[in-house]
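# model the following, please.
(one chain, ligands or ions: 1)
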Amino acid sequence: MITVEHLCKEFKVNKKYEGLGGTFKSFFSREYTIKRAIDDLSFNVGRGEMAGYIGLNGAGKSTTIKILSGLMEPTQGICTVNGMIPYRERKRYTKNIGVVFGNRSQLWWDLPVSESFSVLQKIYEVPKEEFSERLDFLIEILGIKEFYLTPVRNLSLGQKMRADLAASMLHNPAVLFLDEPTIGLDIIVKEKIRQAIKKINKETNTTVLLTTHDLDDIEEICNKIIVIDKGKKIFDGSLDELKNVYAITRTVHFEFKEETTCLIDIRERNGILNVENEEKNRISIKFLKKEVDFPELMQDIVGKYDVTDFIVEEPKLEEIVKGIYTKDCVYERGNSYK
Ligand SMILES: Nc1ncnc2c1ncn2[C@@H]1O[C@H](COP(=O)(O)OP(=O)(O)OP(=O)(O)O)[C@@H](O)[C@H]1O
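From the prediction side, this is the model:
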């Protein structure tokens with residue numbers, strides 16, 4: 001459904017000079033440097049898949065979305081979405097996609113939500129019956145009824161986002177591009193938006209490409225994840241694959257019947273990263289999965305100490321992804337764990 005092949009995007013950036021004189025010089029200078037925002041990027045997203053597209057600030061996410069939604073042409077490479085080249089046949093193409101930019105609304109500020117939707121119906125040429133069916137579905141799953149007749153300027157951030165999401169889906173697009181759809185929203189509205197996206201995908205098999213800095217969005221919504229860094233792809237696979245490759249540690253929290261302070265024999269073993277006394281009878285052990293035989297470790301501790309309870313904790317997605325960026329976790333690829 002979405003195919004990206006060797007995509008590059010370069011921007012010309014005016015050369016900057018230091019100081020006040022420099023600022024003046026920069027203003028009139030015709031010298032520029034080239035900024036490569038996307039660098040030989042290739043990936044695929046299949047029909048009905050929901051892919052999370054993540055990267056640090058400035059990694060190139062928005063630039064990719066702009067190219068994929070037809071707003072920008074790449075410098076090199078090619079992409080197709082639903083069989084079309086986005087920036088070549090924009091008018092026909094826009095009827096096939098929905099786009100939501102979390103920091104920008106596509107609704108008309110002074111119009112009530114209802115009228116904004118009617119204008120979009122005309123723009124996208126959606127037949128009346130189809131439109132009304134679609135509208136009922138979106139009003140229901142996004143809980144829009146309570147502010148349907150309110151002017152957009154009077155909506156809260158969360159209401160505006162829900163209305164924007166509905167607006168992007170009125171013409172039943174095959175692909176939905178979401179750029180930070182939960183930015184600035186409270187936890188309840190975030191959850192509503194996530195559930196709605198999942199429902200839309202389930203009911204209409206819409207393909208979703210989602211960029212976000214909130215990794216809970218990814219964990220809850222996506223079945224595929226693409227990680228980019230400085231314009232280059234550094235991971236492409238399922239969430240489980242990401243965890244298998246990069247979640248190299250595990251922590252077990254033990255509760256003992258009595259005060260157990262040291263576990264010196266455990267602490268000294270290969271692959272044990274940390275043994276911490278949380279309370280007098282509670283100890284947590286963090287270790288490298290690759291170096292420690294987990295069942296053996298458990299057997300050993302349960303055999304020697306009176307364990308009343310234990311909880312196994314895997315690293316959170318946030319921690320895993322942070323490790324990928326900082327290269328702290330590429331233990332299996334030859335470097336060492338810091
Ligand atoms: N129009 C432009 N002119 C010059 N440089 C640009 C332009 N647009 C983006 N860039 C640069 O390209 C790089 C990628 O920017 P982009 O906005 O795609 O990143 P991003 O991953 O979306 O970041 P963020 O998470 O902060 O939104 C950045 O270094 C940015 O400064």
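# and K199, what element?
helix 187-204 (DSSP states H and E).
# could you list the domains of the chain?
Domain ranges of the chain: 44-237, 248-314, per automatic domain parsing.
# now the ones you listed as a markdown table including distance to G22 and mean neighbour count?
No exception for glycine: its C-beta is placed from N, CA and C like everyone else's. Listed next are the domains of the chain as a markdown table, based on distance: least, C-beta to C-beta, whole Å; neighbours: other C-beta atoms under 10 Å:
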| stretch | distance to G22 | mean neighbour count |
| --- | --- | --- |
| domain 44-237 | 23 | 18 |
| domain 248-314 | 47 | 14 |
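# the ones you listed: which one's closest to the ligand?
Distance to the ligand, taken as C-beta to the nearest ligand atom, is lowest for domain 44-237 among the domains of the chain, at 3.2 Å.
# start to end distance for the closest one?
End-to-end span of domain 44-237 (C-alpha to C-alpha, to the nearest Å): 10 Å.
# what parts of this structure come near the ligand?
Contact residues (C-beta under 6 Å from any ligand atom) of the chain with the ligand: 11, 13, 35, 37, 55, 57-63.
# list phi and psi for the residue nearest to E125 when sequence neighbours are not counted.
Nearest residue to E125, sequence neighbours excluded (C-beta to C-beta, 6 or more residues apart in numbering): K95, at 7.7 Å. Main-chain dihedrals, K95, degrees, to the nearest 10: phi -70, psi -10.
# and K95, how far is that from F43?
To F43, K95 is 24 Å away according to C-beta to C-beta, to the nearest Å.
# now tell me which helix or strand of this protein has the poorest mean pLDDT.
Using mean pLDDT, DSSP states H and E, helix 19-28 stands out as the lowest-scoring helix or strand of the chain, at a mean of 70.
# okay, buried residues for the helix or strand following it please.
The helix or strand immediately downstream of helix 19-28 is strand 32-45, counting by DSSP H and E. Residues 37-39, 41, 43, 45 are the ones in strand 32-45 that count as buried (16 or more other C-beta atoms under 10 Å).
# how close does P151 get to D136?
Separation of P151 from D136 (C-beta to C-beta): 22 Å.
# check which helix or strand L178 maps to.
Per DSSP H and E, L178 falls inside strand 175-179.
# same check on E219?
Using DSSP H and E, E219 sits within helix 215-221.
# same check on D164?
D164 belongs to helix 157-169 when assigned by DSSP H and E.
# what does A51 give?
Counting by DSSP H and E, A51 is part of strand 50-54.
# that strand vs strand 175-179, what angle?
Taking axes from the mean of the first three to the mean of the last three C-alpha atoms, to 10 degrees, one finds strand 50-54 and strand 175-179 inclined to each other by 30 degrees.
# give me the helices and strands touching strand 50-54, please.
With contacts taken as 3 or more C-beta pairs under 8 Å, 6 or more residues apart in numbering; DSSP states H and E, strand 50-54 sits against helix 61-68, helix 187-204, strand 207-211, helix 215-221, strand 224-229.
# format the ones you listed as a markdown table; extra columns: mean pLDDT.
Shown next, in a markdown table, are the helices and strands packed on strand 50-54 (pLDDT from 0 to 100):
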| stretch | mean pLDDT |
| --- | --- |
| helix 61-68 | 94 |
| helix 187-204 | 91 |
| strand 207-211 | 95 |
| helix 215-221 | 90 |
| strand 224-229 | 93 |
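# take these and lay them out in CSV including distance to W109.
As requested, the helices and strands packed on strand 50-54 are exported to CSV (distance: least, C-beta to C-beta, whole Å):
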stretch, distance to W109
helix 61-68, 23
helix 187-204, 20
strand 207-211, 25
helix 215-221, 27
strand 224-229, 33
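# these: which one's closest to E313?
Closest approach to E313 among these (C-beta to C-beta): helix 215-221, 15.2 Å.
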